[in-house]
Each structure stands twice: as structure tokens, then as C-alpha cells.
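Undergrad: The following comprises the amino acid sequence and a computationally predicted model.
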Amino acid sequence: MLEGVRKEFKEVLGATTPVILFILATLVLVMGAETETIILFISSSIMLVIGFTLFLLGVKLGMLPVGESIGSELPQHRSLFFILGVAFLLSLLVTMAEPDVRVLANLFDNVSGGSLDNNILVVVIAIGVAFFIVISILRILLGVPIKWILGIGYLSIILLSFLTPAEFLAISFDSGGVTTGPMTVPVILSLGTGITSVLSNRKSISDSFGLIGLASIGPILTMMLLGVLLG
């Protein structure tokens with residue numbers, strides 16, 4: 001356990017130190033920030049390193065194994081509706097808990113002056129992710145090439161972009177990016193690898209991955225549709 005903590009701490013420290021030093025140098029040399037601001041930034045950076053260390057440790061010890069266990073258990077129930085239902089619900093809840101989605105919702109609320117409730121934005125994004133996770137799992141089970149799903153998905157986005165109001169167009173594409181956050185990615189990837197691990201007739205490498213790419217299409221489409229409905 002302690003060895004795992006030390007390993008994660010070294011990785012997080014190595015990844016964040018250059019960014020922290022660069023921002024610190026900018027605060028001191030360029031902006032001439034006050035001592036209180038510098039102390040606040042340093043203390044926040046320390047908490048950031050500790051928080052990321054504990055989070056990544058939790059991902060490796062808990063989220064990844066649980067996601068793979070759920071994914072490997074689902075196909076054994078022999079019920080397509082059960083598999084898709086559990087995958088939809090799990091993806092929905094994980095996306096709603098994603099910190100990046102909450103940040104985007106809060107920023108949109110500040111810019112729009114509260115014209116759209118934060119919770120509605122979060123739910124719409126989560127539904128988009130969950131819907132395309134279902135499509136991704138169907139692709140794995142039915143052996144559909146990923147290029148067809150990607151092609152149809154992005155063609156739909158291009159066509160729908162002509163109907164989406166300008167104020168919703170940019171945030172629609174940003175909503176696809178926030179789904180690749182630290183909460184959503186481990187669960188979705190482990191779910192996919194778990195499902196393909198029990199399908200001996202599938203190519204694990206080609207089927208285990210691509211879920212994140214497909215999942216990012218969902219919130220773009222659902223946000224565009226929301227814009228069309230509200231516009």
C-alpha cells in the first residue's frame with residue numbers, strides 16, 4: 001500500500017512540478033503578485049498533488065478493478081437489455097459525478113447569466129455519454145467496425161451544426177471534451193476491457209478501446225439538440 005502511494009506521488013509530482021514552477025514564476029516575475037497570493041497558490045498546489053495522488057491510487061485500487069469486474073460479469077447474464085441497461089445507468093451516474101462536467105456547467109451558468117439550469121446541462125451531457133456507451137457496447141457485441149459508428153456520428157454532428165444556435169454550438173463541442181475527465185475515463189475503459197475479456201472470439205485490442213472516442217460524440221449531439229429545442 002505504502003509502495004503504491006510513493007509510486008503515485010512520484011508520478012504526480014513529476015507531472016505537475018513543471019506547471020507549478022512555470023505558474024509560480026509568472027506570478028512572481030511577470031504579474032508581481034502579492035505574498036498572500038503566492039502563499040495561497042503554493043498551498044493549493046500542495047493540496048493538488050496530494051489530491052491527485054490519492055485519486056489515482058483510488059482509481060487503480062478500486063475503480064479499474066470494479067469496472068472490469070462489472071464488464072466481465074454483464075455478458076454472462078445472457079440478457080442484452082440487462083447488459084445495456086446497466087451500462088447506460090453506470091455511464092450516466094459516472095458522467096454526472098465527473099468534475100469536468102460540473103466545471104463546464106458552472107462556467108456556462110456564469111456566462112449565460114443563469115439562463116439554463118446547471119443540473120439540466122449536466123443531465124443532458126450525461127445522457128449523451130450513456131447513450132453512446134450503449135452504442136459502443138452494441139458495436140462490441142455485434143462486431144460492427146468502429147469507423148462506421150464514428151462516420152455516422154460525426155456526419156450527424158456536421159449536419160446538426162447548421163441548425164444549432166450559435167450560443168450552443170461552441171459549448172456543444174466543449175461538452176464532448178469534458179467527458180474525457182479523470183472520473184469517466186477509468187470506468188468506461190475498464191468496462192469495455194471487462195466485456196471484451198469474456199468474448200474469446202473478439203479482438204481484445206480493437207474492441208476494448210474506442211469507447212471514449214464514441215462517448216465524446218454523445219454529449220455534442222445532445223447539447224446541439226438541446227440548443228435546437230430551446231432556440
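TA: Cool, got the structure.
Undergrad: buried stuff in stretch 74-93?
TA: 74, 75, 83, 84, 86, 87, 88, 90, 91, 92 (16 or more other CB atoms under 10 Å). Bear in mind the C-beta positions are built from the backbone N, C-alpha and C, glycine included.
Undergrad: contacting residues around the last one?
TA: Contacts here follow CB atoms under 8 Å, 6 or more residues apart in numbering; on that basis residue 92 touches 126, 127, 129, 130.
Undergrad: By mean pLDDT, point me to the weakest helix or strand of this protein.
TA: helix 204-208 (a mean of 62; mean pLDDT, DSSP states H and E).
Undergrad: Under the pLDDT cut-off, which ranges of this protein? List them.
TA: Filtered on pLDDT under 70, the chain yields the residue ranges 1-2, 4, 112, 114, 197-208.
Undergrad: helices and strands around whichever strand or helix holds residue 188, which ones?
TA: Here residue 188 sits within helix 184-197, counting by DSSP states H and E. In terms of contacts (3 or more CB pairs under 8 Å, 6 or more residues apart in numbering; DSSP states H and E), helix 184-197 is packed against helix 64-73, helix 80-96, helix 118-142, helix 204-208, helix 211-215.
Undergrad: chain center to that helix, what's the gap?
TA: Distance, stretch centre to chain centre, for helix 184-197: 13 Å (CA atoms, centre = their mean, to the nearest Å).
Undergrad: How about stretch 139-157?
TA: The answer for stretch 139-157 is 19 Å, by CA atoms, centre = their mean.
Undergrad: Show residues contacting it.
TA: Looking at what lies outside stretch 139-157 - CB under 8 Å, 6+ apart - the contacts are 75, 80, 83, 132, 135-136, 138, 192, 195-196, 199, 202, 206-207, 210, 213-214, 217, 220-221, 224.
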